[in-house]
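Enquirer: Structure of the sequence below:
(one chain, ligands or ions: 2)
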Amino acid sequence: MFDTRLPQAVNLPPMPDQVPPPNPLPSLMAQALEQTAQLGPDFVADRQKLQAIATRLAEERFHLAVLGQFKRGKSTLLNALLGQPLLPTSVVPLTAIPTFLFYAGTPQLHIVYHNGHPADTFTAPHANELTTTLAQFVTEEGNPHNHRNVAYVEVCYPAPLLRRGVVLIDTPGIGSTFRHNTEATLNFLSQCDAALFLVSADPPLTEVEVEFLKEVRRQLARLFFILNKVDYLTPAERQTSLRFLKKMLQEQVGVENPEPIFCISARQGLAARQTGDSQLWQSSGMAGVEDHLVQFLVSDKTAALQTALAGKMINLLADISLRLRLALRSLQLPLADLDQRRQLFEQKLAEAEQQRLSAQDRLAGDHRRLATLLEEQAEQLRQRARQHFNQIAQNTLDKAGQQLPDEQAVQAALAESIPGFFEWELGQLSREFEQRVSQTLAAHRQQADTLIEAVRHNAAELFELAYQPLNSDDAFTAERQPYWVTHQWRTSLSPFSPQLIDHFLPQRWQRARRLNRLRGQIEALVLRNVENLRWATLQNLDQAIRRFSSALDERLQDTAAATQGAIQAARQQRQEHVDTVTGTVAQLEAAATNLDQLQAGLQPFLTSNP
Ligand SMILES: Nc1nc2c(ncn2[C@@H]2O[C@H](COP(=O)(O)OP(=O)(O)OP(=O)(O)O)[C@@H](O)[C@H]2O)c(=O)[nH]1
Ligand SMILES: [Mg+2]
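Expert: Numbers count the residues shown, from 1 in each chain. Ligands and ions are numbered 1, 2, ... in the order given. Below is the predicted model of the structure:
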């Protein structure tokens, strides 16, 4: 809904012939495009809208993240699915930057930076060259504390699974000493459609994982549980671990039915893929995971998308059909009667315009209220941050006891805690804001829909046509808000230099003076970081409202213009080309009937996937 910086889509090639089940939606789509093309220049905009739906249908892409505590084997699992040790793995906490895996014929890396710095692209024919380069950007070792300023990385790779329109995402492990990794992953959840959640038996589910899982469940409708590293366990131990995990998921996390939980050895799975050992692929449990994913991608994901897109197509076709019938009516009605109805319709449009203006006023009022709420929250955050960082400084000074505090120790303690603190706060703020903004906009959207429907309804009523209300497709118009990529936290204080006079003061006073100076510097840090966050959120809010507002105007104007246009064009034809009217009536009748048939063909997609 806010920021639009999504990773670039890669044009996915068509799926292999044997994979998809027979599916009439693309052919219905092709027919709709063809028929709209024959309707002439007044329907160019409709054709473009249909084309956009067709592109989404062809390029459908699904974000599937791999989540879990550090060192559970997330990167190894992805490597096994890719069939290559492409992502760096290690015995120490490693992945620090979210990594998106797309399909492409040639292996390639895109490194996307913070602060709008242009992205870097690396092409490498061999997977191992890619891995070496990748490690320089995504690992804590190659890119300590993300000093390269990387926002995220896209890896393009020709793995068969990726051809199915799924984007796999490797995420930084939660719960490691690099706390900002946890927060970055949490903030990033809103970009995922589903996730594989990885745990292992040793240690069993930790408290950090339980808390994380609760949050993940709140945000993601679909989760697959995976118990990794079962090669360490005997068959009896596997059963015990599985039972324990299931119980924990039910009792601690509240997952009613966590089945199926996949038992795998990602490491053996990767070895199996590298050596082409299909038996090992089966016994590693990876075959089960892959089959399940493929099944899911083919059925659930496709069905959900098709339902949404079929609904949009029906709306568009219903709208075109109404306009065709309006034109037909306008060709058939006695002229005086037509003009009278036209005038009545113009009056209705003028009323709708008044209502649009008051809707815009109400939206502007809500916009102001949201901005005020943001200011209040920023102020509360400043207070919390001050308290938190002063406490950290105080604790560090206390640890130094009677000795004079070590400047670097204070700076290090603050630098360590700042990203985690602000990432967490950013997540909280953006989630709450996202909710408030979408609630507000949902109410406005509903009013706008009613207004637009009223225009169509009036036209239908005045011209005595059958009226079909549009399907609501709100749920599928929400955009993502990839906040997590946009922030860099300021962590450094200016040098902490004792003044000359300090040397002549007793140590106790020197400490107090230093603490005071430190407070001033902390204040500057707090103000700067909160300001970054406030400013970015405000920009996103303004942008979201602006976009919404102009989309609203545009939709109403389009509906009004298209409806008016249909009537006027027909009227003009009657005046100027009386001889062609009969032919046009026949054409319009045929086109409207065809569109009705297409809509009927699309109906089954709204309830189930035929
Ligand atoms: N025995 C065994 N070791 C595994 C398995 N899967 C991964 N490992 C090892 O576990 C360690 C961590 O694996 P990674 O894939 O780097 O784990 P990760 O979850 O991506 O870790 P972070 O990126 O730090 O969050 C590596 O040494 C892997 O070789 C497995 O199935 N069995
Ligand atoms: Mg990793």
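
Enquirer: right, and the helix or strand after the helix or strand harbouring Val153?
Expert: Using DSSP states H and E, Val153 falls within strand 150-157. Sequence-wise, the next helix or strand downstream of strand 150-157 (DSSP H and E) is strand 166-170.

Enquirer: Only the C-alpha atoms, please, for that following strand, written as CSV.
Expert: Extracted C-alpha coordinates of strand 166-170, given in CSV (Å, rounded to 0.1, in the frame of the first residue of the first chain):
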residue,chain,number,x,y,z
VAL,A,166,7.4,-19.2,-7.6
VAL,A,167,10.0,-16.9,-6.1
LEU,A,168,11.9,-18.6,-3.3
ILE,A,169,13.3,-16.4,-0.7
ASP,A,170,16.2,-17.1,1.7
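
Enquirer: so it versus strand 150-157, what angle?
Expert: Comparing the axes of strand 166-170 and strand 150-157 via axes from the mean of the first three to the mean of the last three CA atoms, to 10 degrees yields an angle of 130 degrees.

Enquirer: ok, the strand holding Val153 near ligand 2 or not?
Expert: No: on the criterion CB under 5 Å from the ion, strand 150-157 is out of touch with ligand 2, staying 12.4 Å away. Heads up, the C-betas are built off the backbone N, CA and C, glycines and all.

Enquirer: Paired strands for that strand, with orientation please.
Expert: Strand pairing for strand 150-157, determined by DSSP bridges: strand 99-103 (parallel), strand 108-113 (antiparallel).

Enquirer: Show me what that strand is in contact with.
Expert: Strand 150-157 has contacts (CB atoms under 8 Å, 6 or more residues apart in numbering) with 5, 7-8, 10, 82, 84, 86-87, 97-104, 106-114, 127, 130, 134, 137-138, 143, 485-486.

Enquirer: and Glu59, how far is that from Arg369?
Expert: Plainly put, Glu59 is 38 Å away from Arg369 if you go by CB to CB, to the nearest Å.

Enquirer: Could you do Arg384 as well?
Expert: Arg384 is 23 Å from Arg369, where distance means CB to CB.

Enquirer: same question, Leu328
Expert: 47 Å.

Enquirer: Between the two, which is the more surrounded one?
Expert: Taking other CB atoms under 10 Å, Leu328 and Arg369 do not tie; Leu328 has more neighbours (22 against 12).

Enquirer: Who's the closest spatial neighbour of the more buried one, skipping the chain neighbours?
Expert: Leu588 (4.7 Å; CB to CB, 6 or more residues apart in numbering).

Enquirer: quick one, what contacts that neighbour?
Expert: Leu324, Arg325, Ala327, Leu328, Leu331.

Enquirer: returning to what we had before: tell me which of the strands paired with strand 150-157 sits most buried.
Expert: Most buried of those, by mean neighbour count (mean count of other CB atoms under 10 Å): strand 99-103, with a mean of 23.

Enquirer: That strand and ligand 2 in contact?
Expert: No: using CB under 5 Å from the ion, strand 99-103 stays clear of ligand 2, with a minimum separation of 8.6 Å.

Enquirer: average model confidence for that strand?
Expert: Across strand 99-103, the average pLDDT comes to 91.

Enquirer: Tell me the helices and strands packed up against the helix or strand containing Glu351.
Expert: For Glu351, the host element (DSSP H and E) is helix 335-399. The contact analysis (3 or more CB pairs under 8 Å, 6 or more residues apart in numbering; DSSP states H and E) places helix 335-399 against helix 407-462, helix 507-576.

Enquirer: helix or strand right after the last one?
Expert: Sequence order places helix 581-607 as the next helix or strand after helix 507-576, per DSSP H and E.

Enquirer: what's the average pLDDT for that following helix?
Expert: Summarised as a single mean, pLDDT over helix 581-607 is 86.

Enquirer: do the same with stretch 220-232
Expert: Mean predicted lDDT for stretch 220-232 stands at 91.

Enquirer: quick revisit: with distance to Leu249, mean pLDDT and mean neighbour count as extra columns, can I get the helices and strands packed on helix 335-399 in CSV?
Expert: Formatted as CSV, the helices and strands packed on helix 335-399 follow (distance: least, CB to CB, whole Å; pLDDT from 0 to 100; neighbours: other CB atoms under 10 Å):
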stretch, distance to Leu249, mean pLDDT, mean neighbour count
helix 407-462, 23, 81, 18
helix 507-576, 34, 82, 17
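
Enquirer: Out of those, flag the one nearest Gln599.
Expert: Closest approach to Gln599 among the helices and strands packed on helix 335-399 is made by helix 407-462 (15.2 Å; CB to CB).

Enquirer: how far off helix 335-399 does that closest one point, in degrees?
Expert: For helix 407-462 against helix 335-399, the angle by the same axes, to 10 degrees is 170 degrees.

Enquirer: From the contact counts, what lies against helix 407-462?
Expert: Going by 3+ CB pairs under 8 Å, 6+ apart, helix 407-462 lies up against helix 179-188, helix 302-332, helix 335-399, helix 507-576.

Enquirer: And those: which comes nearest Ser283?
Expert: Ser283 lies closest to helix 302-332 among the helices and strands packed on helix 407-462, at 30.1 Å (CB to CB).
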